[in-house]
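In: got a predicted model here, sequence first, then my questions.
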Amino acid sequence: MLKPLGSRIVIEKKEQEKTTKSGIVLTDSAKENSNEGEVVAVGPGRLLDNGQRVAPEVQVGDRVVFQQYAGTEVKRNDKKYLVLDVEEVLAIIEA
């Protein structure tokens, strides 16, 4: 598993549905990149100049929305993960 450093987090991207609500099947070229995912690892937080750490606002298990082209994509064990800075997260999706 990946262990993020500083204020970075690791997200498992959720793929968009391949069919619309009306039943139309979308091809890969018609689908947009998904900007939703589940947090699977969280770094210790940002280090301030005075030596204190600021804990991230997200935690493992949170479903989040992030910026469209944020982070770096990493493939491990046939799964795609996204490593990004916690500041690139736009919102937490609540149930």
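Out: Good, I have the coordinates. Numbers count the residues shown, from 1 in each chain.
In: now K13. Nearest residue, chain neighbours left out?
Out: G37 (4.6 Å; C-beta to C-beta, 6 or more residues apart in numbering). Bear in mind the C-beta positions are built from the backbone N, C-alpha and C, glycine included.
In: state the distance from the nearest residue in space to P44 that is not next to it in sequence to V25.
Out: Nearest non-adjacent residue to P44, counting by C-beta to C-beta, 6+ apart: R53, 6.0 Å away. Here R53 is placed at a distance of 47 Å from V25 (C-beta to C-beta, to the nearest Å).
In: what is L84 paired to in the beta sheet?
Out: I9 (DSSP bridges).
In: shaky segments in this protein?
Out: 16-21, 26-33 (pLDDT under 70).
In: mind listing the strands for it?
Out: Remark: strands assigned in the chain by DSSP state E are 8-13, 36-42, 46-47, 53-54, 63-66, 72-76, 79-85, 89-93.
In: residue nearest the centroid of the protein?
Out: Centroid check for the chain by C-alpha atoms, centre = their mean gives I11 as the closest residue, at 3.4 Å.
In: leaving out chain neighbours, which residue sits closest to it?
Out: Using C-beta to C-beta, 6+ apart, the nearest residue to I11 is G37, at 3.8 Å.
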